[in-house]
Every structure is written in structure tokens, then in C-alpha cells.
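>>> Pasted the sequence and its predicted model underneath.
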Amino acid sequence: MPPSMPSPSIRIPVELLSQSSFAQFGTVIENPAHSTLPRSQRPPLLDTVSANQGTAVKILDVTRMTDLYHLAPSTKPAKAVMNMFVCAPRDLRPHEPSDSMPSSWGDIDFDEEDYEDGGSERQLFDVQILERHPFTTQTFIPMGLSQADKHTQYLVIVAPTLPASASRRHTGRPPPYPTPKIKKSRSIKDIFARARPSPFTNEKGPPPSQFIRSHPSQRPKGPGLPDLKNLRAFVATGNQAVTYGAGTWHAPMAVIGDRPIDFVVVQFANGVSDEDVQEVILKPAPSAEEGMVVSVDSDRSGRVLVKAGVGSVKAKL
């Protein structure tokens, strides 16, 4: 049984998935030419080269694959694995007024006038569990879903990681899966490496950590629990794949709409269960009406309406 943590009652609006808004959590993979953002808000173009005898454009380094299993307690090496997830649409519950706090990531309009005329509909998705893969990135690539598909999309729900000290305050016990402390080497070489100047490099001190210059999504997240007060929800179109950074807390894939989506999922794994995946169940207070809830607004066609983040409020995808 996965460990649990107390969950506040918060309603989270849906944001448009873009590389700029998702950068702290991982990578969005999409053809820049198909971006729904205004040109002024699009990220810089990635490097490209001509390929396939001039019939294709190759876009380089569209995502960051990270293998941190050398930091795992077992030190068991991992291998790259590719699986397929066939994800059925989730059941959403009808909207009802609530005393839940609005998310800090965007105001939710609680005015019911927009829904009384039948112009749009609001439904609710309860986030009951979060998971992470502490030593590997995980990339979800949807298959057979068009960008223009109005009736099926998927939600990407993520949360930052709390410091370990804050995690103890939340649960009254150490974090559920502490990351091992790296043992300090006491070899003669290590002792001399800390000398000034170092005999092994041209620098005045030991080389910096390999993670200092890494993108934030590539750095180890530490053993902390998810920061639920800063949980965010993004809606993705069919031409977008997503890579969760190593150790990023996220909800299991949530498809919304009419039909399942097939995802090809690429990650590293070493077969040690709590090193490959770690889960936390979110437990609302007994007196609370609800816990963490994503508010999903849609138009008559079923297409999700964006309520927060980049782009105009209530803009259609």
C-alpha cells in the first residue's frame, strides 16, 4: 500500500501545455510550426538539419532523456524500456459549488451564468494519487490523436517537490522514499582532489557537480513529498508529447473525452520496484467535501477551455 499524505481542498484550473509553462517539470515535444501559441509567445526554434535526401526536416534534441540510477540505493543499472499504455477516458463528476480554495495558478470563475445557457460545461476530476520516477525521465507519446480532435484530449497534472524538512511536517515522519546520501570517498585520490590547487585538474578546486549546469527538469528532485498547493494541470493536444523530468511528481495519465489514447512510453528501469516508481495517496480531511480537484471546462463540441496560464482566458485550443 503506498503511503498517504493530507490533501488540502483546492480547485485547479486548466492551462495550455507549452514548453515555457512546463519547463520546471520537463519537456513538451511538438512541431513548432503547429504550436497554438501566438508567434510572439513561442519558444526559440530548435536546431534543424535537412534529412532523407532533402525530403524531411530533422529537429534536433527535442527532449532530455535522463538516467540517474547510479544514485539509487541498489546501484543496479537500468536499461531503456519502451511500453505502450492504452489509456481509457476518465470519469468526470458534475460540477457543484464548493468551499475549496482556488488555485494560486489562476482564478476560476465561479459565476454560473456561463453554464446556465448551455454554452459550456464544467466537470471535475479528482486527483487521488501522485507518482514519480525518481531516477529516470518518462516520455508519453500519443498515437492516432490529431491536433484538431475536439472530442479527446489528455491532462498533464504535475507538482513541485517539497524540501525534505517540509515533508516531515506534513506527515510527522521522514519522507516515504529518501534518496540515499552519496558516500564520501576517503581515497588518497579524493583527499588530493580537494587540495589547492587540484593535482587532477587545472581548476583551483574540485570540479562542480554535474547537475549545476543542467536544466532544472534534469536535476535530482530529492526525497520530498509533492507540493500540493502548487499543483498544476495542463491540457495537451494530439500533436504534443510530454517528458516528465526525473523525480517529477505527476498524476497517472488522464484522458478526457470520447475514446482511449494509445501512448508509447519511453523511460529507464532497473526492475527494483520503489526505485522505478513511487506513489503517494492524497487523503482529504474527513470533514472536507473534496481534496485536489481539476476543473475541466468544455464547449459544446467537448473541447477543453483554457482557464489560466499562457494565452487569453477562456481561449479555445
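Arrived safely. Please read all numbers here as calculations on a predicted model, not as lab measurements.

>>> Which stretches in the chain count as helices?
Along the chain, the stretches classed as helices by DSSP state H are 19-22, 113-116, 164-171, 188-193, 273-276.

>>> Now find how far off-centre the last one is within its chain.
Going back to what we said before, that points to helix 273-276. Remark: helix 273-276 is offset 18 Å from the chain centroid, using Cα atoms, centre = their mean, to the nearest Å.

>>> Can I get it as PDB, trimmed to CA atoms?
Provided in PDB are the C-alpha atoms of helix 273-276 (Å, rounded to 0.1, in the frame of the first residue of the first chain):
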ATOM      1  CA  SER A 273      10.000  -1.500  -7.600                       C
ATOM      2  CA  ASP A 274      10.500   1.500  -5.300                       C
ATOM      3  CA  GLU A 275      13.300   2.800  -7.400                       C
ATOM      4  CA  ASP A 276      11.400   2.600 -10.700                       C
END
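
>>> contacts for it?
Contacting residues not belonging to helix 273-276 are listed as 69, 72-74, 76, 133-136, 177, 269-270 [Cβ atoms under 8 Å, 6 or more residues apart in numbering]. Every residue, glycine included, has its C-beta placed from N, CA and C.

>>> for these, which one is nearest residue 51?
Using Cβ to Cβ, residue 136 is the member of the contacts of helix 273-276 that lies nearest residue 51, at 28.2 Å.

>>> Next, count neighbours for that closest one.
If you count neighbours by other Cβ atoms under 10 Å, residue 136 ends up with 28.

>>> from memory it sits against residue 78, does it?
Yes - counting by Cβ atoms under 8 Å, residue 136 touches residue 78, with 6.7 Å between them.

>>> Now for the two: what residues contact both?
By the contact definition Cβ under 8 Å, 6+ apart, residue 136 and residue 78 are jointly contacted by 67, 69, 268-269.

>>> just those now: which is nearest residue 96?
Minimum distance to residue 96 across the shared contacts of residue 136 and residue 78 is 40.7 Å, recorded for residue 269 (Cβ to Cβ).

>>> Return the distance of residue 94 relative to residue 157.
Residue 94 sits 20 Å away from residue 157, going by Cβ to Cβ, to the nearest Å.

>>> between the two, who's got more neighbours?
Ranked by neighbour count (other Cβ under 10 Å), residue 94 and residue 157 place residue 157 first, with 21 against 8.

>>> isn't that one right up against residue 231?
Yes - applying Cβ under 8 Å, one finds residue 157 in contact with residue 231, separated by 6.8 Å.

>>> which neighbours do those two share?
Jointly contacting residue 157 and residue 231 under the rule Cβ under 8 Å, 6+ apart are 12, 127.

>>> Out of the helices of the chain, which gets the lowest mean score?
The minimum mean pLDDT among the helices of the chain belongs to helix 113-116 (a mean of 51).

>>> Would you map the strands across the stretch 101-250 of the chain?
Counting by DSSP state E, counting those that start in this stretch, the stretch 101-250 of the chain has strands at residues 101-102, 120-127, 129-132, 138-143, 152-159, 232-236, 241-244, 249-250.

>>> Beta-bridge partners for the residue positioned nearest the centre of the chain, please?
The chain has residue 158 as the residue nearest its centroid, 4.1 Å off, counting by Cα atoms, centre = their mean. Judged by DSSP bridges, the bridge partners of residue 158 are residue 232, residue 250.

>>> so who does it touch?
Residue 158 neighbours (Cβ under 8 Å, 6+ apart): 22, 25-26, 231-232, 234, 244, 248-251.

>>> Could you pick out the buried ones from these?
For those, a burial check counting by 16 or more other Cβ atoms under 10 Å picks out 22, 25-26, 231-232, 234, 244, 248-251.

>>> Could you point out which of those is nearest to residue 89?
Comparing these against residue 89 with Cβ to Cβ picks out residue 251 as the nearest, at 14.7 Å.

>>> check contacts around the closest one.
Applying Cβ under 8 Å, 6+ apart, the residues contacting residue 251 are 127, 129-131, 155, 157-158.

>>> okay but residue 266 is in contact with residue 84, surely?
No - with contact defined as Cβ under 8 Å, residue 266 and residue 84 do not form a contacting pair (10.5 Å).

>>> just to revisit the earlier point, need the buried ones from the contacts of helix 273-276 selected in ChimeraX.
A single ChimeraX command selects the buried members of the contacts of helix 273-276 (16+ other Cβ under 10 Å):
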select :69,72,133,134,135,136,177,269,270
